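>>> the sequence and its predicted three-dimensional model are supplied below.
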Amino acid sequence: MRNRNIAGLVLLMMMFFCLPFPARAESVSVAEYRRQLQDITAKVDSLQSHPEGAGELLKEIPDQISVSAGSGEINVNYKTLKNDLAAFSAANEQKRPGTLQELQAYVKAMDAAAQDYEKSGSDLSPQHDKLTQILSRREFNKVKGPSAKDAFLTRIYRWIGRLLSKLFFAGSRTNFNFMRVLIYLFVAVAVSLLLIWTVRKFGQQRAAPLTREIIPFSPSARGWRTWLAEARDLAQHQDWRNAIHLAYWAGVAYLEEHGAWKPNRARTPREYLRLIGTRAAQYPTLAFLTRKLEIVWYGYGSATEADFQETLGQLEKLGCR
């Protein structure tokens, strides 16, 4: 009976680790996601006169949602926003105004990113075309489905599995030691294979060239040249405020594409500034672009052609030409 219990425990552990764990998240469209952000923005603005509503707003906001985009489901995490709301609720009267400004800038940045994506970033066909070109290369020509050899080996493995199952549950005392040794060997082989796979996996990651992950809604998903081209187009129509806004994101996308930070769908301009660090050579330029954006875009300040030309000069310092 003891060998039967041990074998049953091993099988139960294998079944447990093979079970999928679905991620539960509310699924909404991009438009619904924007409406949700606008509702959150209005309620965050109302905290200026009714700070006691922060706790109720914290309960209303989900931990995360799933946004249905053209490329599939995109998970958006509200953890940072909820943490900031909790900090606002616990802050004293002196610190609340500053915390509220950060909250307002954060939700506005999320809404602006979703708005830009909804207007011109929802079409991911260029990325799909690029993926098709990659898969058509010579090194992927040999990638095929299971061969006759693979099917034959699968049958052998199943036969061995059925044989071991019969041996495990035979219930004879004479083969108890043999079963125990066999189980130990099976566990040792499984651990060894897992260790070998882990070592090889990490070795491949170190040897493989670094590739940039394309995150929808992130600035680099559209490319800095696209941002800059649209900024110049708006400037031709003398829409200086929006031109400066898009020019700023061209700079952020350029830095992101060159590995300054890991792409993320929801960061505020101040967070990008903290990520790059004061010791980086690009910090003064990004600091100038951030201040210009805050004054012109978030502060609704006036903008002129001179402001836009000054912004372009800073972008050239980054390498956006």
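Good, I have the coordinates. Numbers count the residues shown, from 1 in each chain.

>>> hmm, who's touching stretch 102-120?
Stretch 102-120 is contacted by residues 30-31, 33-34, 37-38, 40-41, 44-45, 47, 69, 80-81, 84-85, 88, 216-219, 221-222, 226, 230, 245, 249, 265-270, 294, 298 when judged by C-beta atoms under 8 Å, 6 or more residues apart in numbering. C-beta coordinates here come from the backbone N, C-alpha and C atoms, glycine included.

>>> in the host helix or strand of Ala105, what's buried?
Secondary structure assigned from DSSP states H and E places Ala105 in helix 96-116. In terms of neighbour count (16 or more other C-beta atoms under 10 Å), helix 96-116 has its buried residues at 96, 99-100, 103-111, 113-114, 116.

>>> which ones among the contacts of stretch 102-120 lie within helices?
Restricting those to those inside helices, with DSSP state H as the criterion, leaves 30-31, 33-34, 37-38, 40-41, 44-45, 80-81, 84-85, 88, 226, 230, 245, 249, 269-270.

>>> now the residues you listed: which count as buried?
30, 33-34, 37, 40-41, 44, 81, 84-85, 88, 226, 230, 245, 249, 269.

>>> Leu195: which of the residues you listed is nearest?
Of all these, Leu81 has the smallest distance to Leu195: 40.8 Å, by C-beta to C-beta.

>>> from Leu312, how far out is the closest one?
Using C-beta to C-beta, to the nearest Å, Leu81 is found at 33 Å from Leu312.

>>> wait, Thr311 sits on Leu286?
No. Under the criterion of C-beta atoms under 8 Å, Thr311 makes no contact with Leu286, lying 11.9 Å away.

>>> more neighbours, these two?
Thr311 (27 against 23; other C-beta atoms under 10 Å).

>>> name the element the more buried one belongs to?
Remark: Thr311 resides in helix 305-318, with elements defined by DSSP H and E.

>>> likewise for Gly259?
For Gly259, there is no host helix or strand (DSSP H and E).

>>> what about it, how many residues nearby?
Gly259 is flanked by 9 other residues according to other C-beta under 10 Å.

>>> what segments of the stretch 101-250 of the chain are helices?
When secondary structure is read from DSSP state H, counting those that start in this stretch, the stretch 101-250 of the chain shows helices at 125-135, 148-168, 176-207, 224-236, 240-257.

>>> comparing those, which yields the minimum mean pLDDT?
Across those, helix 125-135 has the smallest mean pLDDT, namely a mean of 61.

>>> contacts for stretch 28-47?
Applying C-beta under 8 Å, 6+ apart, the set of residues contacting stretch 28-47 is 53-54, 57, 60-61, 65-69, 76, 81, 88, 100, 103-104, 107-108, 110-111, 114-115, 117-118, 122.

>>> ok, now stretch 269-282?
Counting by C-beta under 8 Å, 6+ apart, residues outside stretch 269-282 touching it are 102, 105, 109, 248, 252, 255, 260-261, 267, 283, 286-287, 290, 293-294, 318.

>>> where in the protein is pLDDT low?
1-26, 69-72, 118-147, 161-181, 204-218, 220 (pLDDT under 70).

>>> break it down into its domains, please.
Annotated domains of the chain cover 26-121, 155-204, 222-318 [automatic domain parsing].

>>> can you redo those as JSON lines with distance to Lys149?
Shown next, in JSON lines, are the domains of the chain (distance: least, C-beta to C-beta, whole Å):
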{"stretch": "domain 26-121", "distance to Lys149": "34"}
{"stretch": "domain 155-204", "distance to Lys149": "11"}
{"stretch": "domain 222-318", "distance to Lys149": "41"}
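
>>> any idea which of the ones you listed is most buried?
When you average the neighbours per residue for each of those (mean count of other C-beta atoms under 10 Å), domain 222-318 leads with a mean of 18.

>>> for Ala148, find the nearest of the domains of the chain.
Nearest to Ala148, of all the domains of the chain, is domain 155-204, at 10.8 Å by C-beta to C-beta.

>>> can you list the strands that the helix or strand encompassing Asn75 pairs with?
Taking DSSP H and E as the criterion, Asn75 maps to strand 72-77. Strand 72-77 sits in its sheet next to strand 64-69 (antiparallel), going by DSSP bridges.
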